[in-house]
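J.: sequence-free structure coming up:
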């Protein structure tokens, strides 16, 4: 069959699609990857055929124009699973009222959607697989009649949020209902003579790489898949061939050393200082500029600009990170206990789930102390139950098939959902 | 996480860039995105603690706590939405009466804080010339009262209770809206065969005033824009062109002397009236169109009055005993819970207001509803009181604003509706939850009020 994969132009959002694309290609299917032009080199670098569509998105330009708003850690866009207050309609609506214009519409700009639909009309894919915020893929499928599914890169916060949104919306008097994302897709589909359906927001089915005990209950048809890491092109450094002489701990926070985490003024330099007296081998991803800002650190510390996580983590005893999708999932499949200083998007949701499983610790940046990070690392190194829990999670991931293993199921589902084009369905 | 603070620095405003064209000239994707982006900005500002943005967001049944939060920021404060805001009676009065402030900017072009523009045909986007449409009058003020009374009486008598409902009838949809709409159609001389269409168009225009400050859905905006054109055409075809106060040669800008409500009504208006040009109405039946828009204000005013009275049953009984108090009830409602809650103005020139320097083009929003609760002016402002001696000191439906020319018709409709109701249903009481709209920070009134009798 013909499979069109699409992600808006952001490399880490795209990476989650790559192993499945390879699996489909290796099984003899035709595969194309569509995104805005800015992602073309990243796509070709992953060994796949790129289809540049539309003009580049303006997410960064909008953030500058908006003076940083909506800031990524804004409490008004926190997912229900990451909040302590009960969910009400105003909060659920607020998430969409902010994310629709300042994320979804920008990531799926009109010219990108137009070109993607144009390409799909010409190439006639049987199946469109889309990154979970790249609704352009669902639009192209709805117009052309292709089957379509989301391929997740983390727990399904979007599917869960939509389910809760719809339940709350339908409890409001009709005069109070509002659905920004559906409104946008309605006028968008109207351009192509197609109409909105709820499944455009969550896919006809969902490919979920999250181990079942960390998965969110969305009630959606889901195909579980083993997570296979792809973190971009990488070269394995030769020092990784040497087994570590003492417990290896990875520290990677995705922020500069001086940048504070949350509102309480803890910097990466503070954390390095708090770990300084531990007998560990620390691998810290800091570039030369960041290194100049730090004061003290463990005696055996290796600073590195970049190291592929799937090459590093098998040798690690613990990792301290901010909850990024690839880092978290790669730690899970390698049974590495995690300390997650998680704040953005789905990161607190993942961190809470990992902590509930006993396979790590969730330290919200708000209220963080360097001592708490140190305590969590020490606990992981001293308490075998944490490692045991991490191993249980890894075992669980092996119960789902690999990307290659779900190809027959994708073939079956594509045939089941494939329809005539929208103009022939009227 | 540190509590975010609301900026009072105009340089740090975050305002959606203007569309630059009237809505009919903008395609769906651009207009839709503009509306979503603007609502998103309001939502962000509200979440960051700006009370005026919370008002614009329009998610609360009761906006008055937000007005008090605006008042607490000072007599004139800057909202990060880009607007200057006041709930202070004196500052508001000086804005509404000043020739330095207009409804559009000095060049007639909307400022960015106005979400969108429907263009020349939208009477709410410019001042009115109250006398210019006098050539083909509708019913004169002296006859209007009789016409309105007759229509309201007929609607009330024709009320068919819903046997399946747990309450006697729904006040707004059952009586107030059809009575006020029907009376307006009769006053304007809309032919009987087109009154259904008239009523439908007026209802589609209900969010018009809100849509200028608070972004509505794309569908709502398109419907309002279409209704504006259709209603203008309907009124022109029907030969209707005036029902403003100016249509009555014997009346001035405040309530006419033949109107019994005159003794207790009439805001403290500047006798000079608005300074809008007297031309510009030819080919644009503003007066009639505005009268149609006044229907929404009258429905909302009546709804707010009934809710206030039913919340104070002794005052409802008082009104039933003395129907002449209806006019006083209308004035007290205009102070306590007016149908037009916000009045936006633009500085035509650089000017000073409350000790702050405002550049030409500055957008100043008067929280008219908040000024009616100004404790420096009104004693015990949270109390609804028919006997309040200074109720008419409110700034609602200000003579110099867009609704000025139809203010007395709006008052008359509400007064007659209250009298009619009180005469027929002295035992009126709320019999279920009141439904209020969302995204309606300007036009305030219940959508439905189940009542028993």
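T.: Yep, that arrived. Treat the numbers as computed from the prediction; the structure is a model and nothing was measured. Numbers count the residues shown, from 1 in each chain, chains lettered A, B, ... in the order given.
J.: Tell me which residues touch the most centrally placed residue in chain B, please.
T.: Nearest to the geometric centre of chain B sits residue B:340, at 2.8 Å (C-alpha atoms, centre = their mean). Residues near residue B:340 by C-beta atoms under 8 Å, 6 or more residues apart in numbering or on different chains: B:209, B:297, B:368, B:396-397, B:403, B:442-444. Every C-beta, even on glycine, is put in place using the N, C-alpha and C of the backbone.
J.: Just the ones in helices from those residues, please.
T.: Of those, the ones assigned to helices by DSSP state H are B:209, B:297, B:368.
J.: just checking, the first one touches residue B:442?
T.: Yes. Applying C-beta atoms under 8 Å, one finds residue B:209 in contact with residue B:442, separated by 4.3 Å.
J.: Which of the ones in helices among the contacts of residue B:340 sits closest to chain A?
T.: Checking those against chain A with C-beta to the nearest C-beta, the nearest one is residue B:209 at 17.0 Å.
J.: contacting residues around the closest one?
T.: Shown in contact with residue B:209 (C-beta under 8 Å, 6+ apart): B:124, B:293, B:296, B:340, B:442-443.
J.: Farthest pair within those residues?
T.: Every pair in the contacts of residue B:209 was compared (C-beta to C-beta); the two farthest apart turn out to be B:293 and B:442, at 11.7 Å.
J.: buried sites along stretch B:113-130?
T.: B:113-119, B:121-130 (16 or more other C-beta atoms under 10 Å in any protein chain shown).
J.: so of those, which ones are in strands?
T.: Applying DSSP state E to the buried residues of stretch B:113-130, no entry is found in strands.
J.: Out of the contacts of residue B:209, which one has the weakest pLDDT?
T.: Among these, residue B:293 carries the weakest pLDDT, at 85.
J.: which SSE is that one in?
T.: Using DSSP states H and E, residue B:293 sits within helix B:286-311.
J.: What's the first helix or strand after that helix?
T.: helix B:313-321.
J.: and that following helix, what does it pack onto?
T.: helix B:286-311, helix B:326-336, helix B:407-424 (3 or more C-beta pairs under 8 Å, 6 or more residues apart in numbering or on different chains; DSSP states H and E).
J.: okay, those helices in a markdown table with distance to residue A:384 next?
T.: Shown next, in a markdown table, are the helices and strands packed on helix B:313-321 (distance: least, C-beta to C-beta, whole Å):
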| stretch | distance to residue A:384 |
| --- | --- |
| helix B:286-311 | 66 |
| helix B:326-336 | 70 |
| helix B:407-424 | 77 |
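J.: Mean neighbour count and distance to chain A added to those, as CSV?
T.: Rendered in CSV, the data for these read as follows (neighbours: other C-beta atoms under 10 Å in any protein chain shown; distance: least, C-beta to the nearest C-beta, whole Å):
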stretch, mean neighbour count, distance to chain A
helix B:286-311, 26, 14
helix B:326-336, 27, 23
helix B:407-424, 26, 22
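J.: Lowest average pLDDT across these?
T.: Mean pLDDT per stretch puts helix B:286-311 lowest among the helices and strands packed on helix B:313-321, at a mean of 91.
J.: which other helices and strands contact it?
T.: For helix B:286-311, the elements it packs on are helix B:177-188, helix B:195-204, helix B:208-213, helix B:218-237, helix B:313-321, helix B:326-336, helix B:407-424, strand B:429-430, judged by 3+ C-beta pairs under 8 Å, 6+ apart.
J.: what about the residue nearest to the centre of chain B, distance to chain A?
T.: Distance from residue B:340 to chain A, counting by C-beta to the nearest C-beta, to the nearest Å: 20 Å.
J.: Quick one: low-confidence residue ranges for the stretch 201-350 of chain A.
T.: A:254-265 (pLDDT under 70).
J.: Against chain B, how distant is residue A:199?
T.: Distance from residue A:199 to chain B, by C-beta to the nearest C-beta: 21 Å.
J.: For that residue, give me its contacts.
T.: Residue A:199 makes contact with residue A:138, according to C-beta under 8 Å, 6+ apart.
J.: give me that answer again for 10 Å
T.: A:138, A:141-142, A:148, A:205, A:220-221, A:417 (C-beta atoms under 10 Å, 6 or more residues apart in numbering or on different chains).
J.: Among the residues you listed, which lie within strands?
T.: If you go by DSSP E, these have A:148, A:205 in strands.
J.: OK, contacts around residue 214?
T.: Since you didn't name a chain, this refers to chain A. Contacts of residue A:214 (C-beta under 10 Å, 6+ apart): A:154-155, A:208, A:328-329, A:332, A:349-350, A:352-354, A:356-357, A:359, A:393, A:396-397.
J.: wrong one, chain B
T.: Counting by C-beta under 10 Å, 6+ apart, residue B:214 makes contact with B:35, B:38-39, B:42, B:55-58, B:115, B:207, B:342, B:438-442.
J.: run the last query once more with 7 Å
T.: Taking C-beta atoms under 7 Å, 6 or more residues apart in numbering or on different chains, we find residue B:214 in contact with B:56, B:58, B:115, B:439, B:441.
J.: what do you get for residue A:115?
T.: Per C-beta under 7 Å, 6+ apart, neighbours of residue A:115: A:53-54.
J.: roughly how far apart are it and residue A:103?
T.: In this view, residue A:115 and residue A:103 are 20 Å apart by C-beta to C-beta, to the nearest Å.
J.: and if you look at residue B:357?
T.: Distance from residue B:357 to residue A:103, by C-beta to C-beta: 38 Å.
J.: Compare neighbour counts for the two and give me the winner.
T.: residue A:103 (19 against 9; other C-beta atoms under 10 Å in any protein chain shown).
J.: The more buried one in helix, strand or coil?
T.: Applying DSSP: H, G, I helix; E, B strand; the rest coil to residue A:103 yields a three-state assignment of helix.
J.: and it, what is it in contact with?
T.: Neighbours of residue A:103 in contact, by C-beta under 7 Å, 6+ apart: residue A:133.
J.: Just the buried residues of the contacts of residue A:214.
T.: Buried members of the contacts of residue A:214, counted by 16+ other C-beta under 10 Å: A:154-155, A:208, A:328-329, A:332, A:349-350, A:352-354, A:357, A:359, A:393, A:396-397.
J.: List the contacts of residue A:291.
T.: With contact taken as C-beta under 7 Å, 6+ apart, residue A:291 is in contact with residue A:303.
J.: quick one: low-confidence ranges for the stretch 201-350 of chain B?
T.: Low-confidence segments of the stretch 201-350 of chain B (pLDDT under 70): B:241-286.
J.: If we use 90, what do you get?
T.: Counting by pLDDT under 90, the stretch 201-350 of chain B has low-confidence residues at B:236-293.
J.: ok, now the stretch 51-200 of chain A?
T.: Applying pLDDT under 90 to the stretch 51-200 of chain A flags the ranges A:72-73, A:82.
J.: how about the residues of chain B that lie near chain A?
T.: Within chain B, the positions near chain A by C-beta under 7 Å from any C-beta of the partner chain are B:1-2, B:14, B:28-29, B:32-33, B:36-37, B:39-40, B:43-44, B:47, B:59, B:217-218, B:435, B:437-438, B:447.
J.: from those, which ones fall inside helices?
T.: Judged by DSSP H, helices contain the following of the residues of chain B next to chain A: B:28-29, B:32-33, B:36-37, B:39-40, B:43-44, B:47, B:218.
J.: That's all I had, so thanks and see you.
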